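# what's the 3D shape of this:
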Amino acid sequence: MKPTLVFATANENKVSEVRRLLEGRFEVKSLVDIGCFEDIPETALTLEGNAKQKADYVKEKYGFDCFADDTGLEVDALDGAPGVFTARFGGPKKDAMQNMNHLLNELRSAGAEESMDRKAQFKTAIHLIVDGAEIALEGICKGEIAKKRSGTEGFGYDPIFIPEGESRTFSEMNADEKNAISHRGRAIRKMTEWLGA
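This is a model prediction of the structure:
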């Protein structure tokens, strides 16, 4: 029987991405799968802090081995913003279209028209709690912000993020292509190596 690992998220896009990455080595359950419908607080000032906060909550309230992530988009021309505020950059609700529009407008306002001015990176922080041990891991994918949205795959800021060495956005790649180079893919691979999976 495969060991169960709860991914402390209700985002089904993220869950299916991680299930693909773990290739059936774990039974990955989401918050919905374990009956957790609370809005888990994310009040830390860092991605790492938010990931730990969510993992601790699930372990303490539900008892499962689990991991949580928090991902931030850090744009050079915006002094590292949106960073820890990535999910709600465009307003108080998590709205991908608003977030992307706000980011593109901010870059225009900053006069960041050349690709060298549009450098950015995605960073995923993971906090894992398993068998009484805890570890923090991270994955980074460098790239730049496109001038307009392109592609239909993925979620979040994928339509405007072009990873280093690519001419396509994440949204123009299939799931396997994206997972091979993405920030979350890199962080999850570190996690599976640590787990010996």
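
# Which pLDDT value goes with F155?
For F155, the pLDDT comes out at 88.

# Could you do A197 as well?
A197 is assigned 59 on the pLDDT scale.

# Now do the end-to-end distance for stretch 21-31.
Stretch 21-31 has an end-to-end distance of 18 Å (Cα to Cα, to the nearest Å).

# Report the mean per-residue pLDDT for it.
86.

# For it, buried residues please.
Using 16 or more other Cβ atoms under 10 Å as the test for burial, stretch 21-31 gives 21-22, 26, 28-31. For the C-beta atoms, the positions are set from N, CA and C on the backbone; glycine is no exception.

# May I see those arranged in JSON lines, with distance to R149 as well?
Listed next are the buried residues of stretch 21-31 as JSON lines, based on distance: Cβ to Cβ, whole Å:
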{"residue": "L21", "distance to R149": "25"}
{"residue": "L22", "distance to R149": "30"}
{"residue": "F26", "distance to R149": "34"}
{"residue": "V28", "distance to R149": "29"}
{"residue": "K29", "distance to R149": "32"}
{"residue": "S30", "distance to R149": "27"}
{"residue": "L31", "distance to R149": "29"}
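
# and which of these is nearest I181?
Taking Cβ to Cβ as the measure, I181 lies nearest L21 of those, at 12.2 Å.

# Check which helix or strand that closest one maps to.
When elements are assigned from DSSP states H and E, L21 belongs to helix 12-22.

# How about residues contacting the next helix or strand after that helix?
Where DSSP H and E defines the elements, the next helix or strand beyond helix 12-22 is strand 27-29. With Cβ atoms under 8 Å, 6 or more residues apart in numbering as the test, strand 27-29 has contacts from 2-7, 15, 18-19, 22, 64.

# Poorly predicted segments of the chain, please.
197 (pLDDT under 70).

# Find the residue at the geometric middle of it.
With the centre of the chain defined as its mean C-alpha position, the nearest residue by Cα atoms, centre = their mean is T71, 3.7 Å away.

# Using CSV, lay out the contacts of strand 27-29 together with distance to Y57.
Listed next are the contacts of strand 27-29 as CSV, based on distance: Cβ to Cβ, whole Å:
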residue, distance to Y57
K2, 24
P3, 21
T4, 17
L5, 16
V6, 11
F7, 13
V15, 17
V18, 18
R19, 22
L22, 22
F64, 11
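
# Can you tell me which of the residues you listed comes closest to C141?
Distance to C141 across these (Cβ to Cβ) is lowest for V18, with 15.7 Å.

# I figured that closest one hits I188, correct?
Yes - assessed by Cβ atoms under 8 Å, V18 is found in contact with I188 at 6.0 Å.

# Can you list the buried residues in the helix or strand where E138 lies?
Assigning secondary structure by DSSP H and E places E138 in strand 133-145. By 16+ other Cβ under 10 Å, the buried positions in strand 133-145 come out as 137-139, 141, 143-145.

# Would you map the strands across this structure?
4-7, 27-29, 66-75, 119-130, 133-145, 161-163 (DSSP state E).
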